[in-house]
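Colleague: Just to be clear, the model below is a prediction. Sequence and coordinates:
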Amino acid sequence: MATPALDHSTTSYSLPHAYWMAQAAGLASLDPAGIEAQAAAWGFGEVRHFESAHRMPFPIEDTQAYVMAGDRMIVTGFRGTEVAKIYDWLTDIDAPPVPGPAKKGFVHHGFHQALQSVYPQIRDTIQELRTNGQSIWFTGHSLGGALAMLAGTRWYFEEPRLLPDGVYTFGQPRTCERLLAGAHNTAFRNRCYRFVNNNDIVPHLPPEPAYTHVEALRYFDADGGLHKAMPLMARLQDRAKGLRAELFAPETDVIKDHHLSNYLAAFEKNLAKTG
């Protein structure tokens, strides 16, 4: 089945749109010229690039993001990173959280600082380019997923105090504690979707109970099937199945499942079923 085209007029969840938001998350890993070429092919006439001016005080690369705008849709994508480059940071439980957007709850200090290095410019750019009431979307994979979730949260709880049309994350780590998660879940019902691929290790970090996830989980099982929810025992059995299938693979299942290419493959499998 041919992949459905990106629908610039959509304002709600659909499987094809989630697939395109995953593609947009991957776009953030390209160089500026690559982002601009692909954005133009997708029908976006304006592209802006963002990078933190100074290296972050924790072991990841500088924050990078882009905004692409068309006549009906504006998408902001945040670059992810490799598991090996953020694992120690995500397991550091001694780093104190900091107040969240509009002082609602608390967020991981690293995510806060990484987003703060580019968010004011992104906010101002979206407002500048939003000349026709375009829909607003935030997306990201891995570290980028945490930043997309927080950017959408700030867009609503701070200025401009508007709800984004959607926030889509893929392999997102735990980002905040329960108070902010609760406020986010209430505000972003049917607008935020957090995709997890089977044994992907990153969504299990940083450890609970200090940090938690926002709701609207979408889970790809070991066979690539997509679930809105899965009971705990069924989830544990499915994770064991994924581990057994990759027992002799050169890369461990918990790392392999984190790659965005494997999220995209799972999307394509589900799109083929519905075609």
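Modeller: That came through fine.
Colleague: What is the burial count for Leu6?
Modeller: 20 (other CB atoms under 10 Å). C-beta coordinates here come from the backbone N, C-alpha and C atoms, glycine included.
Colleague: With adjacent residues omitted, what lies nearest to it?
Modeller: Of all residues not flanking Leu6 in the chain, Trp20 sits nearest, at 4.6 Å (CB to CB, 6 or more residues apart in numbering).
Colleague: same question, Val254
Modeller: Leaving aside its sequence neighbours, Val254 sits nearest to Ile201 (CB to CB, 6+ apart; 3.9 Å).
Colleague: and what of Tyr168?
Modeller: Met21 (3.7 Å).
Colleague: What are the neighbouring residues in contact with that neighbour?
Modeller: Met21 makes contact with Val75, Trp137, Thr139, Gly166, Tyr168, according to CB atoms under 8 Å, 6 or more residues apart in numbering.
Colleague: and it, what pLDDT?
Modeller: Here the pLDDT value assigned to Met21 is 98.
Colleague: Please identify the helix or strand for it.
Modeller: Taking DSSP states H and E as the definition, Met21 sits inside helix 15-27.
Colleague: Buried residues in that helix, which are they?
Modeller: Across helix 15-27, burial judged by 16 or more other CB atoms under 10 Å covers Pro16, His17, Ala18, Tyr19, Trp20, Met21, Ala22, Gln23, Ala24, Ala25, Gly26, Leu27.
Colleague: Distance check, the fifth one against Trp42.
Modeller: From Trp20 over to Trp42 the distance is 8 Å, taken as CB to CB, to the nearest Å.
Colleague: Give the residues shared as contacts by those two.
Modeller: Residues within reach of Trp20 and of Trp42 at once, by CB under 8 Å, 6+ apart, are Leu6.
Colleague: Going along the chain, name the helices of the stretch 151-275 of the chain.
Modeller: Per DSSP state H, counting those that start in this stretch, the stretch 151-275 of the chain carries helices over the ranges 178-187, 232-245, 253-256, 260-274.
Colleague: Comparing those helices by mean pLDDT, which bottoms out?
Modeller: Lowest mean pLDDT within the helices of the stretch 151-275 of the chain: helix 232-245, a mean of 54.
Colleague: Let's see the helix holding Met21 as PDB, backbone CA atoms only.
Modeller: Extracted in PDB, the C-alpha atoms of helix 15-27 (Å, rounded to 0.1, in the frame of the first residue of the first chain):
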ATOM      1  CA  LEU A  15      -2.600   6.800  12.200                       C
ATOM      2  CA  PRO A  16      -1.300   8.400   9.000                       C
ATOM      3  CA  HIS A  17      -0.800  11.700  10.700                       C
ATOM      4  CA  ALA A  18       1.100  10.000  13.600                       C
ATOM      5  CA  TYR A  19       3.300   8.400  11.000                       C
ATOM      6  CA  TRP A  20       4.000  11.800   9.400                       C
ATOM      7  CA  MET A  21       4.800  13.300  12.800                       C
ATOM      8  CA  ALA A  22       7.400  10.500  13.300                       C
ATOM      9  CA  GLN A  23       8.800  11.400   9.900                       C
ATOM     10  CA  ALA A  24       8.900  15.100  11.000                       C
ATOM     11  CA  ALA A  25      10.700  14.000  14.200                       C
ATOM     12  CA  GLY A  26      13.400  12.300  12.100                       C
ATOM     13  CA  LEU A  27      13.800  15.400   9.900                       C
END
